[in-house]
Structures are given as structure tokens and as C-alpha cells.
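Trainee: Pasting the sequence and the predicted model now:
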Amino acid sequence: MIIFLHALVGMIAFIGASALGTSFSGQINQLSTIQKWSLITTVSAIGLTAVLGLYSVAGIPSAALSLLLLIAFEYVCFFKSAKEDA
């Protein structure tokens, strides 16, 4: 039961971090430097926790794939400049 609750709380945290990262997508430049890096650090830490969980359950190939997906997600949410509609 404890393992199930631990996994459930972890999934909720991962979903919340993903929603947080997505909600600031394209607006990251409006935040202060401390706000930017705290947001990026939070999403990265929770994402890396999920990658390590996949590594322990599914092995290196799944962890490598999820790490690449995490990097792509963070690039799109935090570092890619927003396109302006003319």
C-alpha cells in the first residue's frame, strides 16, 4: 500500500510539474531571473525523478528515451522563443 501511495503522489507531482511548465510556455521571459530558474529547477528535478524511476523499473533504454523527451519538453516550454502572430 505504501509503494502504491508513493507512486500515486509521484505521478501527481509529475503531472503538476508538467502543467506548471506548460502554463508558462512562451511567457518565461516575463519572469524575473529567480522565478525562471526556480521554475526550471522544479520541473527538471521532478522530471529527473521520473527518469530515475523508469531506469529502476524498465532499464536504460526506457530511461534514455524519457530523458530525451524531458529535454525536448523543457526546451519547448522554457527556451524556445514564442512566435508572434502578425
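Mentor: Sure, I can see it. Residues are numbered from 1 along each chain as shown.

Trainee: and the helix or strand of the chain with the lowest mean pLDDT, what does it pack onto?
Mentor: For the chain, using mean pLDDT, DSSP states H and E, the weakest element among its helices and strands is helix 2-23, scoring a mean of 84. When contacts are defined as 3 or more Cβ pairs under 8 Å, 6 or more residues apart in numbering; DSSP states H and E, helix 2-23 packs onto helix 33-58, helix 60-74. For the C-beta atoms, the positions are set from N, CA and C on the backbone; glycine is no exception.

Trainee: Could you tell me the least trusted of those helices?
Mentor: For those, the bottom mean pLDDT is recorded on helix 33-58, which sits at a mean of 88.

Trainee: Just give me how far that helix sits from the chain centre.
Mentor: Offset of helix 33-58 from its chain centre (Cα atoms, centre = their mean, to the nearest Å): 5 Å.

Trainee: for that helix, packing partners?
Mentor: helix 2-23, helix 60-74.

Trainee: Quick one: closest of these to Ala50.
Mentor: When the helices and strands packed on helix 33-58 are compared by Cβ to Cβ, helix 2-23 sits nearest Ala50, at 5.2 Å.

Trainee: Can you give the contact residues for the closest one?
Mentor: Leu39, Thr42, Val43, Ile46, Gly47, Thr49, Ala50, Gly53, Phe73, Glu74, Cys77, Phe78 (Cβ atoms under 8 Å, 6 or more residues apart in numbering).

Trainee: In ChimeraX, how would I select just the buried ones from these?
Mentor: In ChimeraX, a selection of the buried entries from the contacts of helix 2-23 looks like this (16 or more other Cβ atoms under 10 Å):
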select :39,43,46,47,50,53,73,74,77,78
